[in-house]
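> give me a 3D structure for the following:
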Amino acid sequence: MVTVEIFEDLQCPDCARLQHMLDDQLGVALGETVQFVRRDFPLVKHPAARRLAEEAQFLRLTEGTEAEWAWRRRCLFAIGQVQAPDDGRESAGVDADLLEAHSRGVAKTPTVFVGNHVLIEKFTADELIRAIQHSE
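A predicted model of the protein is given here:
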């Protein structure tokens, strides 16, 4: 099993492109050989991204990964149209992801870690598949 870590911003057009790639091209190609880990890296230029990330992590904790991923898809496929609840969600998980991102040099979204391979911002499905194959 190969772990693919994705640092993303839920208002990022390139992250939306990656989500489409995951849904449309990679799910079938990768099957059960990959475990995706979503991490939040809300960019300052996207003011609502942090609250969207807090909601995603809240859903992961309360309803599970499937609910979290559905929320992430909804945010990414309707950028700027989805609003997170304004009820003071816990932000410790987002803070932890931000610390981890900074310690690993993440500056843009999406940044994807596959073993020793790092893919940043704009890359193809083939590049991601090759990185996964080289990490197996």
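
> from F58, how far out is the residue located most distally from the centre of the chain?
Seen from the C-alpha centroid of the chain, the residue lying at the greatest distance (CA atoms, centre = their mean) is D87, 22.8 Å away. Summarising the geometry, the distance separating D87 from F58, computed by CB to CB, to the nearest Å, is 10 Å. In short, each C-beta sits where N, CA and C put it, glycine included.

> do V94 as well
Using CB to CB, V94 is found at 10 Å from F58.

> report the longest helix in this protein, please.
When every helix of the chain is counted residue by residue (DSSP state H), the longest turns out to be helix 49-63.

> what residues sit buried inside it?
Applying a neighbour-count criterion of 16 or more other CB atoms under 10 Å, one finds 49-60 buried in helix 49-63.

> helix/strand/coil for the residue farthest from the centre of the chain?
Secondary structure assignment for D87 (DSSP: H, G, I helix; E, B strand; the rest coil): coil.

> off-centre distance for the helix or strand encompassing C75?
With elements delineated by DSSP states H and E, C75 resides in helix 65-77, which encompasses its position. Averaging C-alpha positions (CA atoms, centre = their mean, to the nearest Å) puts helix 65-77 10 Å from its chain's average.

> ok, stretch 89-103 next?
Here stretch 89-103 is found 13 Å from its chain centre; the criterion is CA atoms, centre = their mean.

> equivalent analysis for stretch 85-95, please.
Centre to centre, stretch against its chain (CA atoms, centre = their mean), the figure for stretch 85-95 is 17 Å.
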